[in-house]
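# When you get a sec, could you give me coordinates for this:
(one chain, ligands or ions: 2)
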Amino acid sequence: MDWTSKLFAGLLLVIALSTARAANPCALREVSSDHLVCVCNATYCDTLDADTEVPSGQYVLFTTTKAGLRFAKSSGSLTPQAKAADVAFTLDPSSTQQTIIGYGGSFTDAAGINILSLSAPAQENFLRSYFSPEGIELNMGRVPIAGADFSTRPYTYDDVADDDDLSEFKLQPEDFQYKIPIIKRAMEMSRKSIKLLSAAWTSPTWMKTNNDFVGFSRLKEKYYQAWADYHVKFLNAYKEQALDFWAISTGNEPSNGIIPIMRFNSLGWSPASQSKWVAENLGPAIRNSPFNQTKILGLDDQRFMLPWWMTKMFENKDTYNYIDGIAVHWYWDNLLPPYLLTATHNNFPDKFILSTEACKGDRPWNYPKVALGSWSRSEDYMADIIQDMNHWVSGWVDWNLGLDMQGGPNWANNFVDAAVIVNKDADEFYKQPIFYAMGHFTKFVPEGSVHFTVEPSSKKGISTTAFTTPSGQSVVVLYNRRSSDKKVTVTHPEKGSVSITIPKNSYNTLLL
Ligand SMILES: *[C@@H]1O[C@H](CO)[C@@H](O)[C@H](O)[C@H]1NC(C)=O
Ligand SMILES: *[C@@H]1O[C@H](CO)[C@@H](O)[C@H](O)[C@H]1NC(C)=O
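Ligands and ions are numbered 1, 2, ... in the order given. Predicted structure coming up:
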């Protein structure tokens, strides 16, 4: 460099340093004892630094605590030797496992209704919290194909009885009000490429054995092809609105139409009948369409159905070839060993596994549905994401991006909790501890990161999981579930050691 370019570079650095905005801190509100939310409104919302790259030889630590820290940033230098500590973690970046596809939330009708119930600047803060470089930067969005229970009515894209050739198929007002514009705003403010995945909750009722949106049902066999064509029409209708889907699933929670405890939109399948439909109808319809690159996800239902549901479906080789990945929901994970995921991976190593739905407050006995500011609900998220990442899961997608104070709207009164709760009367929204638990992954583990093992993965109440990002940065998430601070060392075989104190009841993301 000659002196003019040096001067110019120096000048740029000064400009960069003086314009780099410090992150806005959380406007903490104590809802009740141990229940804290970050309050955002039309004029204020907490933010994160856009830049997450760490200089070599340094580490940066982001910490969220039950006591009220949210992404508190600290930093320091790596040392050649690990110091004495309560727990010593050793990274093994050469033991690479699954590649991360991403993390996301769901663009339901309910989410759209809640976002739009805010003033325009508060809406902007809501979406920026999730998608902008100053937010937690989700890169995936799940979109119901037509209505789900988180809609204000049950509907599909063709509710005209016996419309065998789908000539009445059309997107509904909900798509144009609550989904398409919001997805586009999220995409415009994101520096990531947002992958959309979709799933139908039910077919039109006239295709079903019970002619109803809910309850015990099967697809009538004479409509197998029409139901596959419906999916292509959906992809085409969104394409006309300039939105492309990365994936579709074989249908949301087929078990709900077999064991209809939940009274909301569902379509029942057995693995054998669904496999036949995929092999003979859905697979060929998608692969022979302009949407031939769209991934097809199997299952889209609970962990306890793994691996047997997919084993049964994959008895048909055509189905095996059509299905790209396996989508799993979290609802009974606390009772189920993660070995079911490992077994699924071991049986079908070329099919990725993706967690596609999660929420708290879903059990009939969970009251209140929205436990505003609950730390313990966020711990269920943190524990489940860590467990999934340590058992071959390539990504994790939350349910509704935002719900109202009641946990809705939901036409079937199936109210639940969400990471962000909207209070339209106050023109405020509340980022719950769940939001920050997810952010400890979504912000720092970009698509293309590779998971590797840490030894031990859990000790003295601290669970951990780790990744190498595409730029070569190491990301280690450490969750302390105990009520005492812990001295921890994290040692990377080439980069050196980090000695830090992990506060009691905390989530930590360490970058080095
Ligand atoms: C919005 O939040 C900020 C920060 O908490 C607060 O100072 C301001 O008064 C709030 N605005 C309204 C209209 O409540
Ligand atoms: C996939 O669809 C695109 C767009 O219609 C087409 O150009 C391409 O040839 C198709 N690829 C295959 C393998 O069919």
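# Please make it C-alpha for all contacts and neighbour counts, starting now.
Noted.
# Name the nearest residue to Ala371, sequence neighbours excluded.
Counting by Cα to Cα, 6 or more residues apart in numbering, Asp417 is the residue found nearest to Ala371 once chain neighbours are left out, at 7.1 Å.
# I'd say the one you found and Val370 touch.
Yes - proximity of Asp417 to Val370 meets the contact threshold set by Cα atoms under 8 Å, at 4.6 Å.
# And these two? Which one has more around it.
Set Asp417 next to Val370 and count neighbours by other Cα atoms under 10 Å: Asp417 wins out with 29 against 23.
# which other helices and strands contact the lengthiest strand in the chain?
Assignment by DSSP state E gives strand 87-99 as the longest strand of the chain. Helices and strands touching strand 87-99, by 3 or more Cα pairs under 8 Å, 6 or more residues apart in numbering; DSSP states H and E, are strand 393-400, strand 450-455, strand 462-468, strand 486-492.
# Can you lay out those strands as TSV showing mean pLDDT and mean neighbour count?
TSV is the format used below for the helices and strands packed on strand 87-99 (pLDDT from 0 to 100; neighbours: other Cα atoms under 10 Å):
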stretch	mean pLDDT	mean neighbour count
strand 393-400	98	26
strand 450-455	98	22
strand 462-468	98	25
strand 486-492	98	21
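# So which of those strands is nearest ligand 1?
Nearest of these to ligand 1, taken as Cα to the nearest ligand atom: strand 393-400 at 24.0 Å.
# what are the ranges of the helices in the stretch 1-150 of the chain?
If DSSP state H, counting those that start in this stretch is used as the criterion, the helices of the stretch 1-150 of the chain fall at 3-19, 109-116, 120-131.
# Please read the previous query as pertaining to the stretch 301-450 of the chain.
Going by DSSP H, counting those that start in this stretch, the stretch 301-450 of the chain shows helices at 308-313, 317-322, 339-347, 375-389, 433-442.
# Only the buried residues of the third one, if you could.
For helix 339-347, burial by neighbour count (16 or more other Cα atoms under 10 Å) applies to 340-345.
# Can you give the contact residues for that helix?
Helix 339-347 has contacts (Cα atoms under 8 Å, 6 or more residues apart in numbering) with 303-304, 306-307, 351-353, 388, 391-393.
# Dump the helices and strands packed on strand 87-99 to TSV, plus distance to ligand 1.
Listed next are the helices and strands packed on strand 87-99 as TSV, based on distance: least, Cα to the nearest ligand atom, whole Å:
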stretch	distance to ligand 1
strand 393-400	24
strand 450-455	38
strand 462-468	33
strand 486-492	32
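# Let's have those in CSV, adding distance to Ser151.
Below are the helices and strands packed on strand 87-99 laid out as CSV (distance: least, Cα to Cα, whole Å):
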stretch, distance to Ser151
strand 393-400, 11
strand 450-455, 36
strand 462-468, 36
strand 486-492, 45
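# Now do the same contact list for the closest residue in space to Ala437 that isn't next to it in sequence.
Nearest residue to Ala437, sequence neighbours excluded (Cα to Cα, 6+ apart): Met382, at 5.6 Å. Residues in contact with Met382 (Cα under 8 Å, 6+ apart) are 437-438, 479, 507.
# Which one of these is nearest to ligand 1?
Ala437 (21.5 Å).
# Count the residues that sit near the closest one.
For Ala437, the count of nearby residues is 28 (other Cα under 10 Å).
# wait, it sits on Ser378?
Yes - if you go by Cα under 8 Å, Ala437 and Ser378 touch, sitting 6.0 Å apart.
# Which positions in this structure make contact with ligand 1?
Applying Cα under 6 Å from any ligand atom, we find that the chain lies next to ligand 1 at 27, 41, 43-44.
# hang on, the earlier thing: got a quick ChimeraX command for the buried subset of the contacts of Met382?
Entered in ChimeraX, the line below selects the buried ones among the contacts of Met382, by 16+ other Cα under 10 Å:
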select :437,438,479,507
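# Show me which pair in the contacts of Met382 is furthest apart.
The span of the contacts of Met382, defined through Cα to Cα, is set by Met438 and Tyr479 at 12.1 Å.
# Show the contacting residues for the residue nearest to Ile386 when sequence neighbours are not counted.
Nearest residue to Ile386, sequence neighbours excluded (Cα to Cα, 6+ apart): Thr465, at 6.0 Å. By Cα under 8 Å, 6+ apart, the contact list for Thr465 reads 386, 389-390, 451-454, 457, 476-478.
# how about a cut-off of 10 Å?
Taking Cα atoms under 10 Å, 6 or more residues apart in numbering as the contact definition, Thr465 lies against 91, 385-390, 451-458, 475-479, 509.
# residue contacts, the residue most central in space within the chain?
In the chain, the centroid-proximal residue (Cα atoms, centre = their mean) is Val397; its distance is 1.9 Å. If you count contacts by Cα under 10 Å, 6+ apart, Val397 has them with 102-106, 138-142, 197, 327-329, 354-358, 385, 438.
# could you redo the last one with a cut-off of 7 Å?
Val397 sits next to 103-105, 355-357 when contact means Cα atoms under 7 Å, 6 or more residues apart in numbering.
# Serialize the residues you listed to CSV and add fields for pLDDT.
Formatted as CSV, the contacts of Val397 follow (pLDDT from 0 to 100):
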residue, pLDDT
Tyr103, 98
Gly104, 98
Gly105, 98
Ser355, 98
Thr356, 98
Glu357, 98
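# buried subset of these?
Among the contacts of Val397, the ones that count as buried by 16+ other Cα under 10 Å are 103-105, 355-357.
# so of those, which ones are in strands?
Here DSSP E is the test, and the buried ones among the contacts of Val397 give 103-105, 355-357 as lying in strands.
# can you put those residues in JSON lines and add distance to Ala237?
Converted to JSON lines, those look like this (distance: Cα to Cα, whole Å):
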{"residue": "Tyr103", "distance to Ala237": "25"}
{"residue": "Gly104", "distance to Ala237": "23"}
{"residue": "Gly105", "distance to Ala237": "22"}
{"residue": "Ser355", "distance to Ala237": "26"}
{"residue": "Thr356", "distance to Ala237": "23"}
{"residue": "Glu357", "distance to Ala237": "24"}
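# Going by distance to ligand 1, which of the residues you listed wins?
Nearest member of those to ligand 1, counting by Cα to the nearest ligand atom, is Gly105, at 25.0 Å.
# Identify the residue spatially nearest to the closest one, adjacent ones excluded.
Leaving out its chain neighbours, the residue that sits closest to Gly105 by Cα to Cα, 6+ apart is Asp398, at 4.4 Å.
# who's in contact with that neighbour?
104-106, 356-359 are the contacts of Asp398 under Cα under 7 Å, 6+ apart.
# Then Ser32?
By Cα under 7 Å, 6+ apart, no residues touch Ser32.
# tally of neighbours for Asp149?
Using other Cα under 10 Å, Asp149 has 25 other residues around it.
# Contact partners for it?
264-265, 410-412.
# 10 Å - rerun?
108-110, 155, 201, 263-266, 408-415.
# Test my guess that Pro284 contacts Lys276.
No - contact criterion Cα atoms under 10 Å: Pro284 and Lys276 do not qualify, at 11.6 Å.
# Now the common contact residues for the two.
Asp318.
# Apart from its neighbours in sequence, what residue is nearest the closest residue to ligand 1 within the stretch 101-250 of the chain?
The stretch 101-250 of the chain approaches ligand 1 most closely through Ala122 (9.6 Å), counting by Cα to the nearest ligand atom. Leaving aside its sequence neighbours, Ala122 sits nearest to Ala42 (Cα to Cα, 6+ apart; 3.9 Å).
# got it, and Thr156?
Ala146 (5.1 Å).
# and what of Gly298?
Ile326 (4.8 Å).
# Quickly list what that neighbour is bridged to.
On DSSP bridges, the residues paired with Ile326 through beta bridges are Gly298, Ile353.
# number of nearby residues for it?
Residues lying near Ile326 (other Cα under 10 Å) number 26.
# same thing with Arg128?
21.
# Does it touch Tyr44 like I think?
No - applying Cα under 10 Å, one finds Arg128 not in contact with Tyr44, separated by 11.6 Å.
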